[in-house]
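**Q** The following block contains a protein sequence and its predicted model.
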Amino acid sequence: MATGTDRWSRSTGSDSGQTGGWRLDSHARWLWLLALLLYVVGDILTTTVGLQYTTLQETGPVPRYLLVEFGAWMLAVLKLGALGLFVGLWRVVPRPASYGVPIGLALVGCVVTLWNITLIALTIA
């Protein structure tokens, strides 16, 4: 059970203390920033570099279709759309379990970004 001042909870609000608005505590702020940098920025940058400067191709069927049909800017739309869905999930999952959402995104983003960097390095070498 958590109070409105507990470091793992959001402040209690009119919605039964479940979300308490969009305010982020310092832990959540850093986790979401890390998720944004790795999952969105890191993946988009490394994918774009890999596609432009090497013979690598996108292997995901949805991103590949969007890239072919609409261009590289659709990667940002796809990633930001997915990020929005995960923010929605984060808002409905109770604390402290909801911290797993940005942690998971950051971990996936880290793996994908490192994978892309590895493939780029192997292709260029």
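**A** Okay, I see it. Only a predicted model underlies this, so the values are computations on that prediction, with no experimental measurement involved.

**Q** contacts, neighbours, all on C-alpha from now
**A** Will do.

**Q** what residue ranges in the chain are flagged as low confidence?
**A** 1-23 (pLDDT under 70).

**Q** Identify the residues contacting the residue nearest the centre of it.
**A** Closest to where the C-alpha atoms of the chain average out (CA atoms, centre = their mean) is residue 39, at 3.9 Å. Counting by CA atoms under 8 Å, 6 or more residues apart in numbering, residue 39 makes contact with 79, 105, 106, 108, 109, 110, 112, 113.

**Q** any chance of those in CSV, plus neighbour count?
**A** What follows is the contacts of residue 39, written out as CSV (neighbours: other CA atoms under 10 Å):
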residue, neighbour count
79, 18
105, 22
106, 22
108, 16
109, 23
110, 19
112, 18
113, 22
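
**Q** if I look at residue 42, how far off is residue 91?
**A** 24 Å (CA to CA, to the nearest Å).

**Q** any idea where the helices of this protein begin and end?
**A** 26-35, 43-53, 61-70, 73-92, 100-124 (DSSP state H).

**Q** Check which helices and strands the longest one is in contact with.
**A** For helix 100-124, the elements it packs on are helix 26-35, helix 43-53, helix 73-92, judged by 3 or more CA pairs under 8 Å, 6 or more residues apart in numbering; DSSP states H and E.

**Q** Any idea which of the ones you listed gets closest to residue 59?
**A** helix 43-53 (10.7 Å; CA to CA).

**Q** and the angle for that closest one with helix 100-124?
**A** Using axes from the mean of the first three to the mean of the last three CA atoms, to 10 degrees, the inter-axis angle of helix 43-53 relative to helix 100-124 is 20 degrees.

**Q** I'd like to know which elements helix 43-53 is packed against.
**A** Counting by 3+ CA pairs under 8 Å, 6+ apart, helix 43-53 packs on helix 100-124.
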